[in-house]
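Engineer: Build me a model from this:
(chains A and B)
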Amino acid sequence: MIELVSAEGCITCDKCIEVCPTNVFDRAADGLPVVSRQSDCQTCFQCEANCPADALFVAPQTHPLPEGSPEHDEEHLRRTGLLGSYRREIGWGRGRTPGASRAIGPALSPTGPPLIS
Amino acid sequence: MTLTADVLVAGGGPAATWAALKAAEEGASVVLADKGYCGTSGATASVGTGVWYVPPEEKAREAAMASREALGGHLADRRWMARVLDETYERVNELAEAGRYPFPTGPDGTPLRNGLQGPEYMRRQRIRVKRAGVTILDHSPVTELLTAADGSVAGAAGYRRQAGRSFEVRAGAVVLATGGCAFLSKAFGCNVNTGDGALLAAETGAELSGMEFSNAYGIAPEHTSVTKTAFYNYATFYRAGGEVLEGAASQGGRSVIARTLLSEKVFCKLDQADDAAQRAMRLAQPNFFLPFDRLGINPFTDPFSVTLLAEGTVRGTGGIRIVDDGCATTVPGLYAAGDAATRELICGGFTGGGSHNAAWAISSGSWAGRSAARFARAVGRGRQVSAAGGAGLRPTGTSANVDVVEVIRTVQAEVLPYDKNYLRHGDVLRTALKELDAAWDSVRSGLHAEGAGLVPARQAAAMVAHARWMYTSALARDESRGMARRLDRPGLDPAQHHRITSGGLDEVWARPEEVTA
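Structural biologist: As a prediction, this is how the structure comes out:
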């Protein structure tokens, strides 16, 4: 679920509010996105993938994490390289190559084609 | 807000975007209304998918068509398979050329076009739809259809949940591309798929087909959403003590995992992947690794516990019944595409993955968009309309205190458990159906929602209706065929080589329909 919105990193572009398929965000009075409906989060990582500032973090757990979890610690997420890692992997962002163009996986059967998604 | 268009497309995933593109190409004015955001919403955008993309060579096509016929219980139709293979081949090439999708290139320089990464695919589809002049309404779930005096579909009404107001689109024809139903199981990207289209269709008298093929479950690391299953072909499954779980496998042994999960945890390691395969997997499916990287698990060496998440009719093959080559339903002016429609025509009663569903979304979307545009042109504008919605909108009894959250909990309790929906038994299905019928009666007679509350109320109603068509059809199939297996009817019965059509809301029915192929 969405666990972190970095007030420091956010450029208030509203992109996450716009793209979240289950509408978990609202825009707060200060312009920052606020997670109003975390229980509706489907853990699809789309907000993170679409955040141009790498200011969001989605934990893989489909339940909310307790307060004080390392996933709420921006410094920790930066240090471990997790913040912005999905966007990096799929090659979104200026100067990056779309991951789709490099997506050649293993074949699932000896005669089958390589898996590319 | 009231808009007028030739074609309204409900939904925002692959089928919806292909429908919108092709309707616009036919010269139609098009509105696309999605519950979420067209580009991120639905089972494909977050997940990615293989595509049934087979070059037009006789041998390859023959092998592709033959490969799953037995698995699907011989309910598919060769003519439909052939036309889906043709259409998919053309459209995927169009996506590469006009859509500039960056397909990878193999070592010999040939482009590899048998799969699509979801985020990249759907962001490009959104751009293409916008450039085609389609009006996109995001966060605008359709909540009911509008019909003309002759019963044909003439538009839809809905609620713009970010703008906080209702909307209406008067249209010559409507394409339902709202996805299947995964019952809010949190399977990857599927929580927008609550079977809304099937409810809308049934309220205008449309029929469904293959609803017994609705018990797909995807493997995910426990407590996560990532139901990408291809790489579990490299897995060994274990019990907590470390001994191998005999018979468990991603393909052909998933029910063993389900049965075991009823009483104990199941663990897994992708320990059959060598170094080269491991490196390649990361390139092919970066999203597969999100849970592992974020939980500090090396899936190739560390055992991790797994779960099975219900994918209902998203990965099952049941949906709205199609009656012609343009993906018309039994109701004039109403078309169905993608997972909202039945996929039996190309894969019968079993789909092992996204490949066929992706090809179906592309093909059925394109066909539905084109035919809807032609229908709209013929029917003209300015028809008198009336609203077709029932449950949650216009209660038949005195408005009572029906709790939507409680309704959802009730339906989930009947369709998510492995020992009810996956490992099916006639007696259990009959008991479940009684609960679901009671839930429907209470929703239909007492639930009255308005404004923003309409969206969850209609979702709840759609899920109850979906579950009833599923179990009624599962009981009508008094045998085991495709994925619709019954513990009390373990064998395939040659006398039941038919599809099962279903429908109805207050009175649900199911009956055999001969396969004409």
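
Engineer: Tell me who's in contact with residue 45.
Structural biologist: All of this is about chain A. Residues near A:Phe45 by CB atoms under 8 Å, 6 or more residues apart in numbering or on different chains: A:Val58, A:Tyr86, B:Ser46, B:Asn287, B:Leu290. C-beta here means a position set from N, CA and C on the backbone, and glycine is covered the same way.

Engineer: looking at chain B here, not the other one
Structural biologist: B:Ala45 makes contact with A:Pro21, A:Cys44, A:Gln46, B:Gly13, B:Gly39, B:Gly118, B:Pro119, B:Tyr121, B:Met122, B:Gly189 under the criterion CB under 8 Å, 6+ apart.

Engineer: Spatially central, which residue of chain A would that be?
Structural biologist: Centroid check for chain A by CA atoms, centre = their mean gives A:Glu48 as the closest residue, at 2.1 Å.

Engineer: Which elements pack onto the helix or strand harbouring that one?
Structural biologist: Using DSSP states H and E, A:Glu48 sits in helix A:46-50. Helices and strands touching helix A:46-50, by 3 or more CB pairs under 8 Å, 6 or more residues apart in numbering or on different chains; DSSP states H and E, are helix A:15-19, strand A:56-58, helix A:85-89.

Engineer: 10 Å instead?
Structural biologist: Applying 3 or more CB pairs under 10 Å, 6 or more residues apart in numbering or on different chains; DSSP states H and E, we find helix A:46-50 packed against strand A:2-5, helix A:15-19, strand A:56-58, helix A:85-89, helix B:118-131.

Engineer: For residue 110, grab the count of nearby residues.
Structural biologist: Went with chain A since none was named. 5 (other CB atoms under 10 Å in any protein chain shown).

Engineer: meant chain B actually
Structural biologist: B:Thr110 has 9 neighbours, counted by other CB under 10 Å.

Engineer: again, but for B:Val7
Structural biologist: 34.

Engineer: can you tell me the helix or strand for B:Gly390?
Structural biologist: Using DSSP H and E, B:Gly390 sits in no helix or strand.

Engineer: ok, it - contacts?
Structural biologist: By CB atoms under 10 Å, 6 or more residues apart in numbering or on different chains, the contact list for B:Gly390 reads B:Glu144, B:Leu199, B:Ala202, B:Glu203, B:Thr396, B:Val443, B:Arg444, B:Ala461, B:Ala465, B:Leu505, B:Asp506.

Engineer: Name the nearest of those relative to A:Ile90.
Structural biologist: A:Ile90 has its nearest neighbour among these in B:Leu199, at 34.4 Å by CB to CB.

Engineer: Find the nearest non-adjacent residue to B:Tyr217, please.
Structural biologist: Closest residue to B:Tyr217 apart from its sequence neighbours, by CB to CB, 6 or more residues apart in numbering or on different chains: B:Leu308 at 4.0 Å.

Engineer: Can you name the residue of chain A nearest to chain B?
Structural biologist: Among the residues of chain A, A:Gly105 lies closest to chain B, at 2.5 Å counting by CB to the nearest CB.

Engineer: in which helix or strand would I find that residue?
Structural biologist: Assigned by DSSP H and E, A:Gly105 belongs to no helix or strand.

Engineer: Report the rounded mean pLDDT for stretch B:269-289.
Structural biologist: Average pLDDT, stretch B:269-289: 96.

Engineer: May I see the buried residues of that stretch?
Structural biologist: Of the residues in stretch B:269-289, B:269-270, B:273, B:277-278, B:280-289 count as buried by neighbour count, 16 or more other CB atoms under 10 Å in any protein chain shown.

Engineer: which residue sits closest to B:Gly164 in space, ignoring its chain neighbours?
Structural biologist: B:Ala452 (6.9 Å).

Engineer: mind checking the SS state of the residue nearest to B:Tyr217?
Structural biologist: Under DSSP: H, G, I helix; E, B strand; the rest coil, B:Leu308 falls in the strand class.

Engineer: Is it in contact with B:Tyr232, as I believe?
Structural biologist: No: counting by CB atoms under 10 Å, B:Leu308 does not reach B:Tyr232; the two are 11.1 Å apart.

Engineer: Return every residue with contacts to both of those two.
Structural biologist: Counting by CB under 10 Å, 6+ apart, the contacts common to B:Leu308 and B:Tyr232 are B:Gly218, B:Ile219, B:Ala220, B:Arg254, B:Ile257.

Engineer: In these, find the pair that's most separated.
Structural biologist: B:Ala220 and B:Arg254, at 12.3 Å, using CB to CB across those.

Engineer: between those two, who's got more neighbours?
Structural biologist: Taking other CB under 10 Å, B:Ala220 and B:Arg254 do not tie; B:Ala220 has more neighbours (24 against 21).

Engineer: So the more buried one lies in a helix, does it not?
Structural biologist: No: B:Ala220: not assigned to a helix; according to three-state DSSP it is strand.

Engineer: Look at it and report its pLDDT.
Structural biologist: Per-residue confidence (pLDDT) for B:Ala220: 98.

Engineer: A:Thr111 too?
Structural biologist: With respect to pLDDT, A:Thr111 has a value of 75.

Engineer: now do A:Leu108
Structural biologist: 85.

Engineer: residues in contact with the residue nearest to it when sequence neighbours are not counted?
Structural biologist: Excluding the flanking residues, the one nearest A:Leu108 by CB to CB, 6+ apart is B:Asn233, at 5.2 Å. B:Asn233 sits next to A:Pro106, A:Leu108, A:Ser109, A:Leu115, B:Ala249, B:Ser250, B:Gln251, B:Leu270, B:Gln272, B:Ala273 when contact means CB under 10 Å, 6+ apart.
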